[in-house]
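Visitor: Could you look at this predicted model? Sequence included:
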Amino acid sequence: MRNLIPLAVRALTMVGVFFVVLLLLVLTLGLTGFSDRILSSVVGEQIRVERTTLAETIRDPDELERVLAARKAELESFYGLDIPWQRRLPASVFRVMRLDLGEARSLRSFAGSSRIADIVLERLPNTILLMTTSTVIVALTGLAGGLYVATRPGSWIDRLVSGLAAVTYAIPTWWIGILLILVVSVHWRLLPSGGMYSTPPPEGGWLRFADLARHAVLPVLSMVLVSVGPYMYAVRTITLNIAQEDFVGMARARGLSETRVRNAHILRVAAPPIVTGLIFGLAGSLSGSILIETVFNWQGMGRLYYDALAGTPDEGVIVALTFMFTLMYVAIRLLLETLYIFLDPRVSYAD
Amino acid sequence: MAPVLQVRDLYLHYADPAGVVKAVDGVSFELGEPGTALGFVGESGCGKSSAANAMLRILPGNTARYEGEVWLDDVCVSSLDAEEFRRTVRWRRMALVPQGAQNSLNPVMRVGKWLTEPVRQSRSSDIAPDVLERQARGLLERVGLPAGAWNLYPHELSGGMKQRVMIAGALIFSPRLLIMDEPTSALDVSVQAQIMNLLKDLKAEGLSILFITHDIALASDICDRLAVVYAGQIAEIGSSEQILEQPAHPYTRRLLGSIPRLHDEALPEFIPGAPPDLRNLPGGCRFHPRCDVPLAVCPERVPVRLKAEAGQDVWCWLHDRTVNQVALEIQDE
Amino acid sequence: MRVRQIRDALLKTPVGLLGLLSLAAQVVLSVWVVVSYPDDFGNRVWSNPIHWVDNPKAAPPTWIGRVDNQPRADHWQTVRGEPETVEEKGRNLIASWNIPYIVEEGAVPAFLALTVRDVRFEERAPLLALTLIRPDETRVSVLRHAVRGPREGEEGPYERHFDAPLRIQLSADESTLSSLQEFLAEEYGLQMDAEEIRPRVMDILFGMPDAAGDGFAPMSGEYTFLFQTATRVEGDGIGSVELVAGGDAFGRMGTDSIGRDLAQGLLYGLPTALVIGVVVALLSTSIGTVLGMASGYLGGAADTVIQRLSDIVANIPVLPLLIFLLFIIGPNLTVIIGILIAFSWPGLAIQVRVMVLHMRSSQLIEAVQSLGSSRWRVMYRHILPQIMPYFLAQIIFTAPSAILAEAGLSFLGLGDPSIPTWGQILEAGFRTGGVYVGYWWWIVPPGLLIVLVASTFMLLSLAIEPVVNPRLRQTRRAD
Ligand SMILES: Nc1ncnc2c1ncn2[C@@H]1O[C@H](COP(=O)(O)OP(=O)(O)O)[C@@H](O)[C@H]1O
Ligand code: SF4
Ligand SMILES: [Mg+2]
């Protein structure tokens, strides 16, 4: 129970983030007239559909046009196109939240649909696949590596990790990805340079999976390379600091075994700040994944940004993507915050 | 009957970029019968905590020299190997409530769990969980904590409560000897008095206590005997009355003079000179640069253990009957 | 912590000194670039394909030859004005230019282009001809071209190619193909059709059929381009003629797929990167400091509002929103900088507020206040100086992330096209597929430069880290 109050405070911030972003989206759309354009395209699409069905029953072309014009006016007032955008604001918010943003101009879903919701949502699993794989790898190697290095402070490997962490802040993730393509795919011809499956994709579950895994190696590797350094360094520093705390010495003085000291007194106490480290890294890995998907033509939401920006820009898709990424971020944050609060009994007082 | 604790020639030196820190440098003493308390007093930084750690073999990574014998009830525990020492002696027969007990509790562990952890983890004890819990709850009550403390986290405890939890924790195996390192230094006066009363009660029940403090007045309140420590060595050891009434070492006199007293017009004396740097100690008697009655021999020869009185030993040339003889020898050289 | 400590950390540690020296060098170079580059370099030069037509496309840097020891033709370009000889031949005046060209070690040029400027004539349009005289004395007629004659309703004297020069890519010109066809038949008895010749124009021009008979072996030696114009009256003629023999390598940094000299773009990126880093860092830390001070000092509703706002802005996933806003507002460097500032201030605002709250309760401040100093004076005189070091540190921390953020946005295609940046160069290399064909000189240097500038700031922050974060200074014991 006690934990729920700080959790609520944090949740409120994240809800705030969510609505601020949403409002920013809708306001910008309204102010720049994008909102009108999106709605007009929705209406236009509907009229096009109705025209084909009506044409079967109404033979007289003039009559058809008249009916359609009336229908169009009806739809326009239904969508609020006849009132100023400010008054449509709440409706627009819901529209964005339901991804009800009409049709894309040039982008199509894999199955050929041009509905923005279809296009964006079918990419969500691919993004989640890439992000979770690399995050799990980063978390595990960062944890293991950081703990190992913490047992050897000042050694060459410790300095290497500190150096790597510092360098990481100065290297763009996506450039690492491009370099990997240049060296591993183009020069050595070891791994595919992009995409998720070979063309044509191999038949059979296992072969298909192996093909996917082969395509995932480089994108995952680049994401791991750029986040593992800081994470390892954070784990190292946190554990080193905790290992110096009095209660750890006390655990030894109480005759506990080294294993017990490490697990129950160092690692257990290090868990909450390590989760905090994950929280801090989250926004970074989100942007990292947008750019890495772009570099490796990984068919996720990040790559969709690039596709929507190139050629004829698909503003509806961009709005939907920005919303989806914010939603995803807020959801993961809430998950991590909950984890944190249940790991650390102190937060209820600290807040 | 053999004394509860005997320490012989204990050394603990640390390696430091600026030289070797001789924190414990040949310390020998004994703590006699069960149910008595020995006080370890001295300025801060003189090596008291280091001595306690050395007895429990809690050694930092930069330990440069560690030797000496520690006997508990006629068993030489310092000859055990590290693992055996951990499993049979540390916390079981000799428990330490360290300095800074405020931070010695695991912040994410509830009191009850923390208290019983060493027993649960111990391979040799096969005590049933509910029996253990009953005993541990009894201990909490014994040190004066409410039953509700069992389920609390350290940050929900006051300083005094934490200190009580620490004491309860130290008693979980019913050890022979309890080492208390500055048990009251972070507490306010009323809490301090409560803790002292608790310790006196425990002592009356037969627990032996090594009481470490920089506050000689506080030590004399509970201790039967006092050891005055200066620069990693014992300067003088004797019964509390002897030390307070007829201090034999000039340093002890200074220490007593620096205590502010109620109803006393005289301002407390300040001990002149800088506290010694354990990396760079003066030759001969370590106290000689600050001593107000030094002899010619003092800077040259390390004082030996001398008898000031029955039961009171002192390391100071003033108490050597042949001191003039020695002084003449030095002049001859 | 004092400003002086920071200064010492920068001036007296090797890391700090290295960072400062590197930064100083970059600033000097940037100033030189800003002074010596033409105004509007981005639009008029960099993004203008005409400016780069004569450069070889996607050519590696010249120094690569010293690494792999392969023969590569140097890029060669020459402009001539007055003709060397003018002689009368029948009713025509023939002006001639002899332009020597040397092929070494069989390094045949990548392409051949002729540019003629400022053609002027009274009645009849001049005829232009280019002949290649080869080391074995054989002659190849490369081009015959008639300048466009008078148009209907046009009055003489006529001017042609004053604004847009006449540029003929000889390696792809149809008339060159047919004259090569003739040449091969006459000289070597080879029958080849135009499509066979087209991909090998340069090999044929600068070589002879090899022993095997299925290719052309390059012929090294001295060549001469003989360029001639035939005009009717004195005064008719051309302003200048230019010949370009495209190299297989170009300049210090090579070229991209439209022939842009990467060295120029890369240099231009330096001041841009520094400006982005410094401006974003300076302004966002200033905003953060002011808001943090106001929040901590004013308390009450202002405090609540500022803190909630900082909390929310600090927790927004920035990149998606940046993409959206830039897309809507349009790719403009000022907008990019503005948006980056808008999202970078909250960290410091939260930190400064805590410090101000801490200081406000200190005895000194209380004493000064009780003496009647105004709030703002206390802030300015007593609180600001204590915050200064954190302000400086934050500037150093923020700059590299702003540079990286701009690079990332540019890479997504949201860069300001009027101001080339390293991110944009990389984006072009990626979008046009330069990566997949291994144009490393297009991909590696811009990234390295981003890393170089960002790590300069990282060096500075490493140097001041122990001052800002003293806990890290303690030597740790391995227990
Ligand atoms: N691990 C260590 N390395 C180096 N010096 C130490 C270490 N631990 C303690 N010291 C030094 O040893 C001296 C004695 O310390 P300590 O035993 O804590 O004294 P006390 O408990 O009497 O105040 C002090 O000067 C202290 O700085
Ligand atoms: S030995 Fe000498 S210097 Fe040391 S305390 Fe005694 S009199 Fe003073
Ligand atoms: Mg101590």
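Guide: Perfect, I can see it now. Ligands and ions are numbered 1, 2, ... in the order given.

Visitor: Buried residues of the least confident helix or strand in chain C by mean pLDDT, list them for me.
Guide: Ranked by mean pLDDT, DSSP states H and E, the helix or strand of chain C with the weakest confidence is helix C:363-370, at a mean of 73. Neighbour-count burial for helix C:363-370 flags C:I365 (criterion: 16 or more other CB atoms under 10 Å in any protein chain shown). The C-beta positions use only the backbone N, C-alpha and C, and glycine is treated the same way.

Visitor: Would you check that B:W317 makes contact with B:E300?
Guide: No - using CB atoms under 8 Å, B:W317 makes no contact with B:E300, being 9.8 Å away.

Visitor: ok, the closest residue to B:F287 other than its chain neighbours to ligand 2 distance?
Guide: Excluding the flanking residues, the one nearest B:F287 by CB to CB, 6 or more residues apart in numbering or on different chains is B:Y251, at 5.1 Å. Distance of B:Y251 to ligand 2, given as CB to the nearest ligand atom, to the nearest Å: 6 Å.

Visitor: shaky segments in the chain?
Guide: You didn't say which chain, so I picked chain A. Within chain A, the ranges that satisfy pLDDT under 70 run A:1-3, A:347-351.

Visitor: Oops, wrong one, chain B.
Guide: For chain B, applying pLDDT under 70 flags the ranges B:1, B:259-271, B:323-333.

Visitor: can you pull out the helices in it?
Guide: B:48-55, B:82-84, B:111-121, B:129-142, B:159-170, B:189-204, B:216-222, B:240-245, B:250-257, B:323-332 (DSSP state H).

Visitor: Off-centre distance for the second one?
Guide: Per CA atoms, centre = their mean, to the nearest Å, the displacement of helix B:82-84 from the mean C-alpha position of its chain is 23 Å.

Visitor: Next, the buried residues of that helix.
Guide: Of the residues in helix B:82-84, none is buried (16+ other CB under 10 Å).

Visitor: Does chain A have contacts with that helix?
Guide: No - applying CB under 8 Å from any CB of the partner chain, one finds helix B:82-84 out of contact with chain A, separated by at least 8.7 Å.

Visitor: Contacts (any at all) between chain C and that helix?
Guide: No - using CB under 8 Å from any CB, helix B:82-84 never reaches chain C; the gap is at least 13.9 Å.

Visitor: Name the residues that touch that helix?
Guide: B:R57 (CB atoms under 8 Å, 6 or more residues apart in numbering or on different chains).

Visitor: Can you tell me the closest non-neighbouring residue to B:A51?
Guide: B:V24 (4.9 Å).

Visitor: Quick check: the one you found touching B:G47?
Guide: Yes - assessed by CB under 8 Å, B:V24 is found in contact with B:G47 at 5.1 Å.

Visitor: hmm, back to that, write down the beta-bridge partners of the residue nearest to B:A51, one by one.
Guide: B:L12 (DSSP bridges).

Visitor: How much space separates it from ligand 1?
Guide: Counting by CB to the nearest ligand atom, the gap from B:V24 to ligand 1 is 8 Å.

Visitor: Now do the same contact list for that residue.
Guide: By CB under 8 Å, 6+ apart, B:V24 lies in contact with B:L10, B:Y11, B:L12, B:H13, B:G47, B:S50, B:A51, B:A54, B:G232.

Visitor: how many other residues sit next to the closest residue to ligand 2 within the stretch 1-150 of chain C?
Guide: In the stretch 1-150 of chain C, the residue that lies nearest ligand 2 is C:Q5 (42.6 Å; CB to the nearest ligand atom). C:Q5 has 15 neighbours, counted by other CB atoms under 10 Å in any protein chain shown.

Visitor: helices or strands next to the helix or strand that contains it in the packing?
Guide: Using DSSP states H and E, C:Q5 sits within helix C:3-12. If you count contacts as 3 or more CB pairs under 8 Å, 6 or more residues apart in numbering or on different chains; DSSP states H and E, helix C:3-12 packs onto helix C:14-36, helix C:384-409, helix C:440-468.

Visitor: how many other residues sit next to the residue nearest to C:F397 when sequence neighbours are not counted?
Guide: With sequence-adjacent residues excluded and distances taken as CB to CB, 6+ apart, C:F397 is closest to C:S461, at 5.5 Å. C:S461 is flanked by 22 other residues according to other CB under 10 Å.

Visitor: What parts of chain A come near chain B?
Guide: So far as CB under 8 Å from any CB goes, chain A lies against chain B at A:245-247, A:249-257, A:260, A:264-265, A:268-269, A:271-272, A:343-346, A:349.

Visitor: Among these, filter down to the buried ones and hand me the ChimeraX syntax, if you would.
Guide: Buried residues among those (16+ other CB under 10 Å), as a ChimeraX selection:
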select /A:245,246,247,249,250,251,252,253,254,255,256,257,260,264,265,268,269,271,272,343,344,345,346
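
Visitor: Filtering the residues of chain A next to chain B by proximity to ligand 2, which remain?
Guide: Counting by CB under 6 Å from any ligand atom, the subset of the residues of chain A next to chain B that neighbours ligand 2 is empty.

Visitor: In helices, which of the residues of chain A next to chain B appear?
Guide: Using DSSP H, the residues of chain A next to chain B in helices are A:246-247, A:249-253, A:260, A:268-269, A:271-272, A:343, A:349.

Visitor: What is the nearest of these to C:Q26?
Guide: A:P272 (41.0 Å; CB to CB).

Visitor: what's the closest non-adjacent residue to the residue of the stretch 1-150 of chain C closest to ligand 2?
Guide: C:V467 (4.7 Å).
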